[in-house]
Each structure stands twice: as structure tokens, then as C-alpha cells.
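S.K.: The following comprises the amino acid sequence and a computationally predicted model.
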Amino acid sequence: MPETSARGRFITFEGGEGVGKSTQIKLLAKRLRDAGIDVLTTHEPGGTPAGQLVRAVVLADATKPCSPNADAL
């Protein structure tokens, strides 16, 4: 018989810049922790130094439209 183990959940928050994703993540994480559930939160794309640089470059020109190809990348 296979060994059983507790399974986690992967929850993502999607939305545009400044809509409150970080706030909602913090609220949910606190509520889950208060209920005794282990929580690991991550942040994308800024989870690495390279990701922070890419994010800064993208946001620096946020008022200028970019091509569909550049947007996809």
C-alpha cells in the first residue's frame, strides 16, 4: 500500500499592477497561519535579483506602449 502524506495547495493571485494582490496575499497568509496551516509565499517576477532588474526596466517605460512581441516576452 502506498504511503500517504498531507498534500499542499498552490494558490495564485493574478491581476494588473496596483490592484491589491500583495495585500490579499498577506491577508490570506495571515488567516491560514492563524488557523495553524504552514504557508510559503513567493513573489514573481521579482523573486530573484535578475527578476527585480527586469521588473524595474519594464515599469520604467510603463507609460510607453510596447509592441505585442515585446509584451509577450
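M.R.: All right, it came through fine.

S.K.: what residues go with each domain of this protein?
M.R.: Each domain of the chain is listed here as a residue range: 12-41, 43-73, per automatic domain parsing.

S.K.: Check the separation of the first and last residues in the first one.
M.R.: The reference is to domain 12-41. Its start and end residues considered, domain 12-41 measures 10 Å (CA to CA, to the nearest Å).

S.K.: Downstream of the longest helix belonging to the chain, the next helix or strand is which one?
M.R.: Assignment by DSSP state H gives helix 21-34 as the longest helix of the chain. Downstream of helix 21-34, the first helix or strand assigned by DSSP states H and E is helix 49-60.

S.K.: How far does that following helix sit from its chain's centre?
M.R.: 15 Å (CA atoms, centre = their mean, to the nearest Å).

S.K.: begin at 8 from here
M.R.: New numbering, starting at 8: the last item is helix 56-67.

S.K.: Would you mark the buried spots in it?
M.R.: Residues of helix 56-67 classed as buried by neighbour count (16 or more other CB atoms under 10 Å): none. C-betas here are computed from N, CA, C, even on glycine.

S.K.: now do stretch 71-80
M.R.: Buried, per 16+ other CB under 10 Å, within stretch 71-80: nothing.

S.K.: Lowest mean pLDDT across the domains of the chain, which one is that?
M.R.: If you rank the domains of the chain by mean pLDDT, domain 50-80 sits at the bottom with a mean of 74.
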